[in-house]
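> Test case, fold it:
(one chain, ligands or ions: 2)
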Amino acid sequence: MIKAAVVGGTGYTGVELMRILARHPQAELALVTSRGDAGKAVAEVYPNLRGVVDLAFQPPEPELLAQADVIFFATPNGTAMQYAPALLDRGRVVIDLAADFRLKDPQVWEQWYGQPHACPELLASAVYGLPEVNRSQIKKARLIACPGCYPTAVQLGFLPLLHHQLIERQGLVADCKSGVSGAGRQAQVATLMAETGEGFKAYAVPGHRHLPEIRQGLQALAGKPVALTFVPHLAPMIRGIHATLYARLREEADLQALYERHYAREPFVEVLPAGSHPDTVDVRGANRCQIAVHRPGGGDVVVVLAVIDNLVKGAAGQAVQNMNLVFGLPETAGLEMAGLYP
Ligand SMILES: NC(=O)C1=CN([C@@H]2O[C@H](COP(=O)(O)OP(=O)(O)OC[C@H]3O[C@@H](n4cnc5c(N)ncnc54)[C@H](OP(=O)(O)O)[C@@H]3O)[C@@H](O)[C@H]2O)C=CC1
Ligand SMILES: CC(=O)N[C@@H](CCC(=O)OP(=O)(O)O)C(=O)O
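Numbers count the residues shown, from 1 in each chain. Ligands and ions are numbered 1, 2, ... in the order given. Sure thing, here's the model as predicted:
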């Protein structure tokens, strides 16, 4: 059994990691940390895990973490980079759900995350954990940078079009909506029910920190520069990302057949029948991305619709998918749960 530790077990992605790892056939959840709730039983903080996780939260001591084979960081940006060098030196696998190792250029990281990078020398060996793009590198990696939630949906949506060079790379648009759990569990006025329950708004239009990450990923896919407009919105729902993507076609193609072929062997990406409109409610709790591709009026604008659960394919599920690949397990191990409905 692989021994897994979760740093930041009291957060929303941390509790999803516990839910998934507790039922994983080849991994054992050995340690979960919280500074604020250290000493408390997991079931006391999360009664939904009573009888499922029989552990107490511990402080995130490096010596304790090093006893695990794989350490998941479900922590704020800037945390994993403080721990990763020592854990990697001791031969452990580090899987970060935050952004510390996503951007290859430390100066771009500093510009968007407002702090200098603590270990820029590790950025070259970190592998961006989007299995549908980087599967073979992930299998050889020790340090995984899990993609952000918006970047997962946007890249999976554009991937077949860019891979086959079917669209103009200038003028890509990603119009995205997120549920409120995307903002994490810490209390803030902006995510109170009274602030979000009846409204709908865009935010960070001048620039969101996922923009450089998505652009870096799309450019790697295209092999050339791309110009992207990314506009996130906060929607009155708890879980879910809905990405509506626009691009202009360069040549004729059967897009439905192209998407079906491209994702035919992907266990966690499902191309819906022609004419479908995916719904975030259909992927809640599942490690799944559902995609539909449209060409309104038969014109030359492609509209791709992609939905994920931000906490599962957008975070904890994808992190476990990466663990499976790194340790040579079946990629779907522990991840075959159906979604929750409604
Ligand atoms: N929510 C989402 O949809 C997604 C989130 N992510 C990323 O995953 C990470 C976790 O997100 P989320 O679960 O929402 O966050 P939360 O705010 O819900 O939880 C953060 C967790 O980290 C712990 N923590 C905070 N600071 C530190 C620290 N300095 N050292 C150790 N532990 C710390 C907290 O517990 P305590 O303070 O008690 O130690 C808590 O358990 C973030 O980087 C986020 O950007 C990625 C994709 C999607
Ligand atoms: C709704 C909401 O606030 N979403 C968060 C993004 C989600 C997230 O957690 O960011 P990472 O994927 O980079 O870790 C935001 O816009 O800041």
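
> ok, the residue of the stretch 1-150 of the chain found nearest ligand 2 - contacts?
Ligand 2 sits closest to residue 148 of the stretch 1-150 of the chain, with a gap of 2.9 Å, by C-beta to the nearest ligand atom. Every residue, glycine included, has its C-beta placed from N, CA and C. By C-beta atoms under 8 Å, 6 or more residues apart in numbering, the residues touching residue 148 are 99, 102, 210, 213, 314.

> Can you lay out the residues you listed as a markdown table showing neighbour count and pLDDT?
Conversion of the contacts of residue 148 to a markdown table gives the following (neighbours: other C-beta atoms under 10 Å; pLDDT from 0 to 100):
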| residue | neighbour count | pLDDT |
| --- | --- | --- |
| 99 | 24 | 98 |
| 102 | 25 | 98 |
| 210 | 23 | 97 |
| 213 | 25 | 98 |
| 314 | 31 | 98 |
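
> Output those of these also counted as contacts of ligand 2.
Contacts with ligand 2 within these, as defined by C-beta under 6 Å from any ligand atom: 99, 210.

> Tell me which of the contacts of residue 148 fall in helices.
Those of these mapping onto helices are 210, 213, per DSSP state H.

> out of the contacts of residue 148, who's nearest ligand 1?
The closest of the contacts of residue 148, once distances to ligand 1 are taken by C-beta to the nearest ligand atom, is residue 314, at 4.8 Å.

> possible to save the contacts of residue 148 as CSV with distance to residue 161?
Shown next, in CSV, are the contacts of residue 148 (distance: C-beta to C-beta, whole Å):
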residue, distance to residue 161
99, 25
102, 22
210, 19
213, 19
314, 21
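
> okay, how far is it across stretch 271-289, tip to tip?
End-to-end distance of stretch 271-289: 8 Å, with C-alpha to C-alpha, to the nearest Å as the criterion.

> just how off-centre is stretch 110-119 within its chain?
20 Å (C-alpha atoms, centre = their mean, to the nearest Å).

> before we move on, the earlier item: phi first, then psi, for the residue of the stretch 1-150 of the chain closest to ligand 2.
Phi and psi for residue 148, reported as degrees, to the nearest 10, are phi -70, psi 170.

> What separation do you get for it and residue 98?
Using C-beta to C-beta, to the nearest Å, residue 148 is found at 9 Å from residue 98.

> How many neighbouring residues does residue 290 have?
22 (other C-beta atoms under 10 Å).

> again with residue 320
Neighbours around residue 320, by other C-beta under 10 Å: 28.

> That one is in contact with residue 335, isn't it?
Yes. Counting by C-beta atoms under 8 Å, residue 320 touches residue 335, with 6.0 Å between them.

> Residues that sit against both of those two, list them.
By C-beta under 8 Å, 6+ apart, the residues touching both residue 320 and residue 335 are 20, 287.

> Point out the residues in the stretch 201-342 of the chain that sit beside ligand 1.
310, 311, 314, 315.

> show me where the protein has helices.
For the chain, applying DSSP H gives helices covering 12-21, 42-45, 62-65, 80-89, 106-113, 131-139, 149-163, 193-196, 210-222, 255-262, 317-326.

> TSV for those, including distance to residue 2?
Supplementary listing: the helices of the chain in TSV, determined by distance: least, C-beta to C-beta, whole Å:
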stretch	distance to residue 2
helix 12-21	9
helix 42-45	19
helix 62-65	14
helix 80-89	15
helix 106-113	30
helix 131-139	15
helix 149-163	24
helix 193-196	38
helix 210-222	28
helix 255-262	31
helix 317-326	7
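
> follow-up on the earlier one: select from the residues of the stretch 201-342 of the chain next to ligand 1 the one having the most neighbours.
Result: residue 314 is most packed of these (other C-beta under 10 Å), 31 neighbours.

> For it, give me its contacts.
Residue 314 touches 148, 149, 150, 152, 153, 182, 241, 308, counting by C-beta under 8 Å, 6+ apart.
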